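Novice: build the 3D model from these lines:
(chains A and B)
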Amino acid sequence: MIEVRNLTKHYRVHKRPPGLAAAVKSLFKREYTTVKAVDGITFAIKPGERVGFLGPNGAGKTTTLKTLAGLLHPSSGEVRVDGHVPQKREAEYLKKIMLVMGQKQQLLWDLPPAETFELNRAIYDVPRPDFVRRMKELSELLELGDLVNKPTRQLSLGERMKCELAAALVHGPKVLFLDEPTIGLDVSMQVVMRDFIRRYNETTGATLILTSHYMDDVAALCPRVIVIDKGTLSFDGALDVLVKQVRPDKRVTLRFSQPVTLEQVTPLGQVVRCEGAQAVLQVSHDQVNAVVGRALASLPVVDLNVENPPLEEVMSELFSRSRATREQAA
Amino acid sequence: MRALKALPALMRVGFVESLAYRAEMIVWVFATTMPLVMMVLWTAVAEAVPVVGGGGKAWGSTAFIAYFLCVFTVRQLISAWACWEMNYEVRQGTLAMRLLRPIHPILTYAVGNLAALPLRAGVTLPVVVLLLLTQAREHLTRDWRVWALFPFALFGGWLITFFANVAIGSLSLFMESSVKLMEVWLAAFFVFSGYLFPLDLFPDWLSAIARWLPFRYQIGLPVELMTGVHTLESALPLLLQQWAWAGALVVLALSVWSFGLRRFQAYGG
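Specialist: Predicted coordinates:
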């Protein structure tokens, strides 16, 4: 469905130090630097896959998504989405895709969302019965209700995002690019959006690429992740493989019937936290069984939980390792 | 074909949007009342001293009233503001949403601009037409054939205004903001279009230059048709020149847009 080969996107950026003198000087002589937003990445995505695009700020995620959506022309390399070259922006291609940006909106600000839905129906040439059926489904799944008849400017951020998503799906895109779709939303609204996105993928078989700084979005939606840092691809594979690769240890959370001391817990492994009747240990993957056995035998354990370290920590470690590698190379 | 099918919906939404912005629209109408100010000024001048144009035409106060009421009318109907929209959308990064739709973005700007004109015309024209008919009727052409050409001249004027907006607006894809360039265009437009004073009052050499520039075909030509300056025979070649300018600006605007998109860096996240 999506093939990207040696994609690069370089920007020429005007560089100017602060201050009046530098401003005047820049009138006569300008200095430019080349920013390598994307620097030779290659990957392929199959139809119906849900893929998370991860990376720190400025890694090149949004640039890649915009190139895939045909908004940016690549500096070099090849991009094909469902047989189309995105930068040609053929109408047939644009009918198959949609890019939802959490910080940008397509809803008409002063008119109710229903007007945008109707406009999109006309622009995407969706037959009226299909439109009515799809809007009914979207309305039920996203619980839109009367929201669609209130001016967009009077909707809350969460309400607006639900309507944005509905507007983006009026034409039933086969490929959905989601750039921070849950940004700024409260936790319950994030859950609603995630459920909806997963359901859309499962029922329509649409291919989905997601970027998000909320790791819960990625964990809930994307079995596969692609990690980009400074424009280069540093990982492409299953999320749990990434976690194991970066942090091969597990988190063991123990709850006790009575408070325990740090000294009682320390022999079991590296203590992350020990407060009252609860302790969290970091244990290497192959030691989990042994540690759990020792804990059950030596401490008043009433409950235990073994899980991977939080994804935020994994990503933070991954990015700091990349930074360190780059600094060493420099 | 799909674009044509979408036109009624685009037109309807554009009109409904213009209703939502009614306060802004009325402010904009007031901001374009300069011809009425110039009308008062030139009427006073004509009452104080004889004003004679390039061809020896005497400009009395009612001639100025007719001229500037026609200018005001034409100005309302040839308005376009795509340049400001494009600059705003490029800087805010919202142009991306327009580019994602399977319809040419310039068509959507065009329909959006055109859709706001009926409301604008509805607010201003009844008053102006009434004034024209009661105060300066004798200065309007009585040749129905010239009136038949008038809608074409008006649309030609709108095309020049709109595609000049698009050409300059598209420069924002290269240089982040092109609003200042539009202001330079507007300054030339005010002088050479006949907006502030009839081109007939220019010295011959300046008038000759003005007749070769596109600005005259935005306001001057439609007003000249309304005020009976031309016969059908003299109007037709001018109309051809006007449409040649419109065609040239279409090509220029589409080229700048197309090259600009390749350079577009989609600012704003």
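
Novice: contacting residues around residue 210?
Specialist: All of this refers to chain A. Listed by Cβ atoms under 8 Å, 6 or more residues apart in numbering or on different chains, the contact set of A:Leu210 reads A:50-53, A:178, A:181, A:197, A:217-218, A:221-222. All C-beta atoms are positioned from the backbone trio N, CA, C, and that covers glycine.

Novice: right idea, wrong chain: chain B
Specialist: Contact analysis of B:Ala210 by Cβ under 8 Å, 6+ apart lists B:192, B:199, B:202, B:216, B:220.

Novice: what of B:Thr43?
Specialist: B:61, B:64-65.

Novice: A:Val252 now?
Specialist: Applying Cβ under 8 Å, 6+ apart to A:Val252 gives the contacts A:269, A:280-283, A:288, A:291-292, A:295, A:304-306.

Novice: same thing but 6 Å
Specialist: Residues near A:Val252 by Cβ atoms under 6 Å, 6 or more residues apart in numbering or on different chains: A:281, A:283, A:306.

Novice: now the helix or strand containing it - C-alpha only, CSV.
Specialist: Here A:Val252, judged by DSSP states H and E, is contained in strand A:249-256. The C-alpha coordinates for strand A:249-256 follow below in CSV (Å, rounded to 0.1, in the frame of the first residue of the first chain):
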residue,chain,number,x,y,z
ASP,A,249,13.8,-5.7,31.9
LYS,A,250,10.3,-5.9,33.3
ARG,A,251,8.5,-4.0,36.0
VAL,A,252,7.3,-6.1,38.9
THR,A,253,4.8,-4.4,41.2
LEU,A,254,4.3,-6.0,44.5
ARG,A,255,1.5,-5.2,47.0
PHE,A,256,1.8,-6.4,50.6
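
Novice: re earlier: nearest to chain B among the contacts of A:Val252?
Specialist: Closest approach to chain B among those (Cβ to the nearest Cβ): A:Val306, at 38.8 Å.

Novice: the closest one and A:Leu296: what is the separation?
Specialist: 13 Å (Cβ to Cβ, to the nearest Å).

Novice: what does B:Ala44 give?
Specialist: 102 Å.

Novice: next: A:Pro74.
Specialist: Distance, A:Pro74 to A:Leu296, using Cβ to Cβ: 57 Å.

Novice: same check, this time on A:Leu94
Specialist: 59 Å.

Novice: who has more neighbours, these two?
Specialist: A count of neighbours by other Cβ atoms under 10 Å in any protein chain shown puts A:Leu94 above the other of A:Leu94 and A:Leu296, at 23 against 12.

Novice: secondary structure class for the residue lying closest to that one once chain neighbours are set aside?
Specialist: In space, and not counting its chain neighbours, A:Leu94 is closest to B:Pro102: 3.8 Å by Cβ to Cβ, 6 or more residues apart in numbering or on different chains. Of the three states, B:Pro102 takes coil according to DSSP: H, G, I helix; E, B strand; the rest coil.

Novice: what's the burial count for B:Pro102?
Specialist: B:Pro102 has 20 neighbours, counted by other Cβ under 10 Å.

Novice: pretty sure it contacts A:Lys95?
Specialist: Yes - look at B:Pro102 against A:Lys95 with Cβ atoms under 6 Å: they come within range, at 5.0 Å.

Novice: quick one on the thing from earlier: now the contacts of B:Ala210 in a markdown table, with secondary structure and neighbour count?
Specialist: Shown next, in a markdown table, are these (DSSP: H, G, I helix; E, B strand; the rest coil; neighbours: other Cβ atoms under 10 Å in any protein chain shown):
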| residue | secondary structure | neighbour count |
| --- | --- | --- |
| B:Phe192 | helix | 24 |
| B:Leu199 | helix | 23 |
| B:Phe202 | coil | 19 |
| B:Arg216 | helix | 26 |
| B:Gly220 | helix | 27 |
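
Novice: I'd like the residues you listed as TSV, with pLDDT and distance to chain A appended.
Specialist: Output for the contacts of B:Ala210, formatted as TSV (pLDDT from 0 to 100; distance: Cβ to the nearest Cβ, whole Å):
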residue	pLDDT	distance to chain A
B:Phe192	94	29
B:Leu199	91	37
B:Phe202	90	35
B:Arg216	95	35
B:Gly220	94	36
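
Novice: can you pull the buried residues of stretch B:173-181?
Specialist: B:173, B:178-179, B:181 (16 or more other Cβ atoms under 10 Å in any protein chain shown).

Novice: what pLDDT does the residue in the stretch 101-250 of chain A that chain B sits nearest to get?
Specialist: At 3.3 Å from chain B, A:Ala122 is the closest residue in the stretch 101-250 of chain A, using Cβ to the nearest Cβ. For A:Ala122, the pLDDT comes out at 91.
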